[in-house]
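A.B. asks: turn this into a model:
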Amino acid sequence: MGAKTAKQQDALTELLDLLTQNGKKQEAAELSALFSQFAAMETQYGKVLSELAAVREQLATLHDGGNRAAAMQETKQTQAHITQAKETLSTLKGNMTDKIRKTLAAVKQHGISALNKAADFLGVKKALAEMKGNVQDAIASTQSSIDRINAVGSELHALNEHAKNLGRALTGKERKELTQRNEDKGVLAAVAKPLKRHKATLEGMEKNIERAMARVERLEQAAAKGREKEKPSIREEIKAAAKPEQPKKKAPQKAQEASL
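C.D. replies: Predicted coordinates for the structure are as follows:
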């Protein structure tokens, strides 16, 4: 763990402790889970980018020039989308850490009431929506690459089937009906397999982002409730302002004054 990451973790831990100690265990749990999700997504992004580089090397070995070039370009686009999502996540984590530090400083200056703004992370949902869009684009590009590889495989399979029938015709044997290509077998299947795995991973990441968005929504709702509790009732303030001031009671006269 680097020094920067350690400082981020220290700030988060301090905030989680404050939330827990002040009756906000649910908010602490949601915030902790949110950062855990971010850490998992960051690891997944790095892994997918590394594996996509290997896939591009495999695609370079395809013999079909047109489909090979298209598949490589689509894989390159997938890498670009994932890189953008990874950078957005990194920026988001940095912004949230800054917000946490400001919240901790506000608690020291203004008291525990500042915790009600701890989950008010402006721009978080927008950043998550941007990440989701990048991942969805990556899923589409990956599917296009898979389709290209399958197209090459189908063409080669058809050529092979026709060649076999030509051989049968030349030897006086009966032609056979063309069979469907098995997309799970052969050299091209080995190239498409990691792409299919990446697509499944990306679809899982999309769901993780949606869960993160739901967590942020719950955190914002909890923060809004906390702020509402702090506000005095407007109705009570109006009633208090309209209520006439009670006249002061006169002190009772002393007994000896009454006897005069």
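A.B. asks: helix, strand, or coil at the nearest residue to Leu52 once chain neighbours are set aside?
C.D. replies: For Leu52, ignoring the flanking residues on the chain, the nearest one in space by C-beta to C-beta, 6 or more residues apart in numbering is Gln79 at 5.1 Å. Backbone N, C-alpha and C define where each C-beta goes, glycine included. Put simply, Gln79 is helix when judged by DSSP: H, G, I helix; E, B strand; the rest coil.
A.B. asks: quick one, what contacts Gln79?
C.D. replies: Neighbouring residues of Gln79 by C-beta atoms under 8 Å, 6 or more residues apart in numbering: Leu49, Leu52, Ala53, Arg56.
A.B. asks: these: which two are farthest apart?
C.D. replies: Farthest pair in these (C-beta to C-beta) is Leu49 and Arg56. Separation: 11.0 Å.
A.B. asks: residues near Lys126, how many?
C.D. replies: 11 (other C-beta atoms under 10 Å).
A.B. asks: err, Leu202, not the other one
C.D. replies: 26.
A.B. asks: ok, back up a step: now list the buried members of the contacts of Gln79.
C.D. replies: By neighbour count, with 16 or more other C-beta atoms under 10 Å, the contacts of Gln79 hold Leu52, Arg56 as buried.
A.B. asks: dump the contacts of Gln79 to a markdown table, plus distance to Ala69.
C.D. replies: Putting the contacts of Gln79 into a markdown table (distance: C-beta to C-beta, whole Å) gives the following:
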| residue | distance to Ala69 |
| --- | --- |
| Leu49 | 21 |
| Leu52 | 16 |
| Ala53 | 17 |
| Arg56 | 12 |
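A.B. asks: out of the contacts of Gln79, the closest to Ile112 would be?
C.D. replies: Using C-beta to C-beta, the contacts of Gln79 come closest to Ile112 at Leu49, 42.5 Å.
A.B. asks: in what helix or strand does that closest one lie?
C.D. replies: Assigned by DSSP states H and E, Leu49 belongs to helix 25-59.
A.B. asks: mean confidence score for that helix?
C.D. replies: Across helix 25-59, pLDDT averages out at 87.
A.B. asks: for stretch 225-232, same thing?
C.D. replies: On average, stretch 225-232 scores 63.
A.B. asks: check stretch 208-218 too.
C.D. replies: Average pLDDT, stretch 208-218: 89.
A.B. asks: show residues contacting that stretch.
C.D. replies: Outside stretch 208-218, the residues that touch it by C-beta under 8 Å, 6+ apart are 30, 33-34, 37-38, 40-41, 119, 121, 124-125, 128-129, 131-132, 135.
A.B. asks: where does this protein dip in pLDDT?
C.D. replies: 1-4, 62-67, 116-122, 152-189, 226-260 (pLDDT under 70).
A.B. asks: for this structure, just list every one of the helices.
C.D. replies: With helices called from DSSP state H, the chain shows them at 3-21, 25-59, 65-110, 124-170, 187-230, 234-242, 255-258.
A.B. asks: got the angle between the third one and helix 187-230?
C.D. replies: Pointing back at helix 65-110 there. For helix 65-110 against helix 187-230, the angle by axes from the mean of the first three to the mean of the last three C-alpha atoms, to 10 degrees is 20 degrees.
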